[in-house]
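S.K.: Turn this into a structure:
(one chain, ligands or ions: 1)
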Amino acid sequence: MIDPKPSASHFINGAYMEDTGGAPIEVIYAATGEKIAQVHSATPAVVEAALTSARAAQPAWAAMTGTERGRILRRAADIMRDRNRELSELETYDTGKPLQETLVADATSAADALEYFGGLAGSLTGEHIPLGGDFAYTVRQPLGVCVGIGAWNYPTQISCWKGAPALACGNAMVFKPSETTPLCALKVAEILHEAGLPAGLYNVVQGYGDVGAALVGDPRVDKVSLTGSAPTGKKVYAAAAAGMKHVTMELGGKSPLVIFDDADVDNAVSGAILANFYSSGQVCSNGTRVFVQSGIKGAFLARLKERTEAAVLGDPMNEATNFGPMVTEAQLQIVEGFIAKGIEEGATLLTGGTRAGSLGWFLRPTVFADVTDGMTIAREEIFGPVMSVLDFEDEADVVARANDTELGLSAGVFTNDLTRAHRVIGALDAGSCWINTYNLAPVEVPFGGVKGSGVGRENAKVAIEHYSQVKSVYVGMSAVEAPF
Ligand code: NDP
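M.R.: Numbering: from 1, shown residues only. Predicted coordinates for the structure are as follows:
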């Protein structure tokens, strides 16, 4: 196993940097409750160093060709893949997620983003617009300095989903991980520089929300990309608006997964498991409101209970384990509060609902049946392994109920009726949707939400729009005609 202790708290201007003047942040391994590392929150001097170096480095980076920038990103992707095991172990230490999962979903996804945007970098161009004798052209320009602020569930992936398009477009980035998971982004910075990224272009500063707020409020910052909860999103969006900064907001969800009678039972159960229990339920796009049509309900619940109870909880570093702990005890307690509410408000606890093991923050995967729309567990984002199963009869009715939320990150439909699948998914208010599968998010596909779940999209070609801006130039080719 790797040693999870980082060389220092921050990564600034191409090197690790320490400043013990900032408040200590303990890194606790969720599987055992043990302290495995410590970093310090960024002091104002660290924030200043990060922003100064980013600002200084960005123009020369933007002046390189896209192909040159892309080559560095693709080299970083190769290094990440070569070190996938080490990075996956670190991700497991940072988050508690089982290695079985981190080996295939974290550094690999981060590497995909670096490779994809590295590949696109050389083709970022403007257009030529003929105007009779005159013409115009557009130039795609970087925004400048981008700030990335991450949630704790995917620390490696989030740092690259933001960093890769930002760098491909010629920006510099200052990234603040969640204080809960400060380790992985430092490794990403180290690898980017090993791949040849010039100093100052990808800085990592640790800290709580106040450090994020200091970055967002700084006039030298041109763009803010946040992955976090909807309430934090509103605060950060407002602070960014005060400086007229560009934003990408990847926020929470309370997404519907609609299972029709004609779906294959086992396939639908697999979808519901993927939609609720991956990363111990700590996934923004989870389909936590599982609407099941009455004809399939009995078979669905029986198979779901059986398969959920077969989850293998235990040491996350053991590759046979497929269900890990919650990220922190505080998060576990929040989720336990929701479970108590579910019971109190009359939902049927089908399975789970209790802690497991004597060490760490393990909560058994939990399923509630007979959930109704007004219950707290059907309305609020829980961010833990709690699935709510709701009944329905009629298609139009389920669509209206599924859309009755302020959030709109994701949605899923399981049915073997081709036209119904597209009709229903078309009617659901969500940005990232699946038909007959759930929670797959390859870099080629845009990812993000509508309504209260966010603004902008990550991944795919569309992300370029969110990390660059267009300058248009009109060129006059004949004498100017003035009115006087
Ligand atoms: P939070 O909203 O609590 O925090 C997100 C980040 O914002 C953290 O780094 C946090 O720092 C920072 N922050 C908090 N306050 C401010 C502020 N005023 N200004 C600037 N930065 C601030 O989210 P969690 O970390 O608890 O993550 C869980 C949430 O993230 C869930 O709601 C989930 O749905 C969402 N999420 C969304 C995803 C998406 O792509 N749509 C993907 C993954 C998660 P600190 O933690 O140090 O306080």
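S.K.: Extract the CA atoms of whichever helix in the chain runs longest and return them as PDB.
M.R.: Secondary structure of the chain per DSSP state H: the longest helix is helix 44-63. Output of helix 44-63 as PDB, limited to C-alpha atoms (Å, rounded to 0.1, in the frame of the first residue of the first chain):
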ATOM      1  CA  PRO A  44      -3.800  34.500   2.800                       C
ATOM      2  CA  ALA A  45      -0.100  34.300   1.700                       C
ATOM      3  CA  VAL A  46      -0.700  30.900   0.100                       C
ATOM      4  CA  VAL A  47      -3.800  32.100  -1.700                       C
ATOM      5  CA  GLU A  48      -1.800  35.100  -2.900                       C
ATOM      6  CA  ALA A  49       1.100  32.900  -4.100                       C
ATOM      7  CA  ALA A  50      -1.400  30.700  -6.000                       C
ATOM      8  CA  LEU A  51      -3.100  33.500  -7.700                       C
ATOM      9  CA  THR A  52       0.100  35.500  -8.500                       C
ATOM     10  CA  SER A  53       1.700  32.400 -10.100                       C
ATOM     11  CA  ALA A  54      -1.400  31.500 -12.000                       C
ATOM     12  CA  ARG A  55      -1.800  35.000 -13.400                       C
ATOM     13  CA  ALA A  56       1.900  35.200 -14.300                       C
ATOM     14  CA  ALA A  57       2.100  31.800 -16.000                       C
ATOM     15  CA  GLN A  58      -1.200  32.000 -18.000                       C
ATOM     16  CA  PRO A  59      -0.200  34.300 -20.900                       C
ATOM     17  CA  ALA A  60       2.700  32.200 -22.100                       C
ATOM     18  CA  TRP A  61       0.600  29.100 -21.800                       C
ATOM     19  CA  ALA A  62      -2.100  30.700 -23.900                       C
ATOM     20  CA  ALA A  63       0.500  31.700 -26.500                       C
END
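S.K.: Show me what it is packed up against.
M.R.: Applying 3 or more C-beta pairs under 8 Å, 6 or more residues apart in numbering; DSSP states H and E, one finds that helix 44-63 makes contact with strand 10-12, strand 134-142, strand 145-149, strand 172-176, strand 202-204, helix 209-217. (Glycine included, C-beta is placed from N, CA and C.)
S.K.: Now with 10 Å, please.
M.R.: Taking 3 or more C-beta pairs under 10 Å, 6 or more residues apart in numbering; DSSP states H and E as contact, the helices and strands that helix 44-63 lies on are strand 10-12, strand 15-17, helix 66-82, strand 134-142, strand 145-149, strand 172-176, strand 202-204, helix 209-217.
S.K.: which residues are there in the stretch 151-300 of the chain that come within reach of the ligand?
M.R.: When proximity is defined as C-beta under 6 Å from any ligand atom, the stretch 151-300 of the chain approaches the ligand at 151-153, 176, 178-179, 208-209, 212-213, 216, 226-229, 232, 235-236, 250-253, 284.
S.K.: Can you say which of the residues you listed are buried?
M.R.: Among these, those classed as buried by 16 or more other C-beta atoms under 10 Å are 151-153, 176, 178-179, 209, 212-213, 216, 226-228, 232, 235-236, 250-253, 284.
S.K.: quick one: the helices in the stretch 151-300 of the chain?
M.R.: With DSSP state H, counting those that start in this stretch as the definition, the stretch 151-300 of the chain shows helices at residue ranges 155-168, 184-194, 209-217, 230-242, 265-274, 294-308.
S.K.: Can you say which of the ones you listed is nearest to residue 484?
M.R.: For these, distance to residue 484 was read as C-beta to C-beta. The smallest value, 41.5 Å, belongs to helix 230-242.
S.K.: now that closest one: how far from the chain's centre is it?
M.R.: Using C-alpha atoms, centre = their mean, to the nearest Å, the distance from the centre of helix 230-242 to the centre of the chain it belongs to is 17 Å.
S.K.: who are the neighbours in contact with residue 268?
M.R.: Residue 268 is in contact with 257-260, 290, 292, 296, 299-300, 303-304, 412, 414-415, 436, 438, counting by C-beta atoms under 10 Å, 6 or more residues apart in numbering.
S.K.: Show the buried residues in these.
M.R.: Buried members of these, counted by 16+ other C-beta under 10 Å: 257-260, 290, 292, 296, 300, 303-304, 412, 414-415, 438.
S.K.: In JSON lines: those residues, plus pLDDT and distance to residue 44.
M.R.: Output for the buried ones among the contacts of residue 268, formatted as JSON lines (pLDDT from 0 to 100; distance: C-beta to C-beta, whole Å):
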{"residue": "257", "pLDDT": "98", "distance to residue 44": "45"}
{"residue": "258", "pLDDT": "98", "distance to residue 44": "49"}
{"residue": "259", "pLDDT": "98", "distance to residue 44": "52"}
{"residue": "260", "pLDDT": "98", "distance to residue 44": "56"}
{"residue": "290", "pLDDT": "99", "distance to residue 44": "47"}
{"residue": "292", "pLDDT": "98", "distance to residue 44": "53"}
{"residue": "296", "pLDDT": "98", "distance to residue 44": "58"}
{"residue": "300", "pLDDT": "98", "distance to residue 44": "55"}
{"residue": "303", "pLDDT": "98", "distance to residue 44": "56"}
{"residue": "304", "pLDDT": "98", "distance to residue 44": "51"}
{"residue": "412", "pLDDT": "98", "distance to residue 44": "45"}
{"residue": "414", "pLDDT": "98", "distance to residue 44": "52"}
{"residue": "415", "pLDDT": "98", "distance to residue 44": "55"}
{"residue": "438", "pLDDT": "98", "distance to residue 44": "44"}
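S.K.: From residue 370, how far off is residue 346?
M.R.: Noted for residue 346: a distance of 8 Å to residue 370, by C-beta to C-beta, to the nearest Å.
S.K.: More neighbours: which of the two?
M.R.: Here residue 346 and residue 370 are compared on neighbour count by other C-beta atoms under 10 Å; more neighbours surround residue 370, at 16 against 11.
S.K.: Is the nearest residue to that one once chain neighbours are set aside bridged to anything, and to what?
M.R.: Closest residue to residue 370 apart from its sequence neighbours, by C-beta to C-beta, 6 or more residues apart in numbering: residue 348 at 4.5 Å. The residues listed as beta-bridge partners of residue 348 by DSSP bridges are residue 369.
S.K.: Which residues of the stretch 301-450 of the chain lie near the ligand?
M.R.: On the criterion C-beta under 6 Å from any ligand atom, the ligand has as its neighbours in the stretch 301-450 of the chain the residues 381, 383, 409, 449.
S.K.: tell me the SS of the first one?
M.R.: Here residue 381 is coil, with the state taken from DSSP: H, G, I helix; E, B strand; the rest coil.
S.K.: Model confidence score at it, please.
M.R.: Per-residue confidence at residue 381 stands at 98 (pLDDT).
S.K.: re the thing from before, let me know which of the helices and strands packed on helix 44-63 is the nearest to residue 313.
M.R.: Across the helices and strands packed on helix 44-63, the minimum distance to residue 313, taken as C-beta to C-beta, is reached by helix 66-82, at 28.6 Å.
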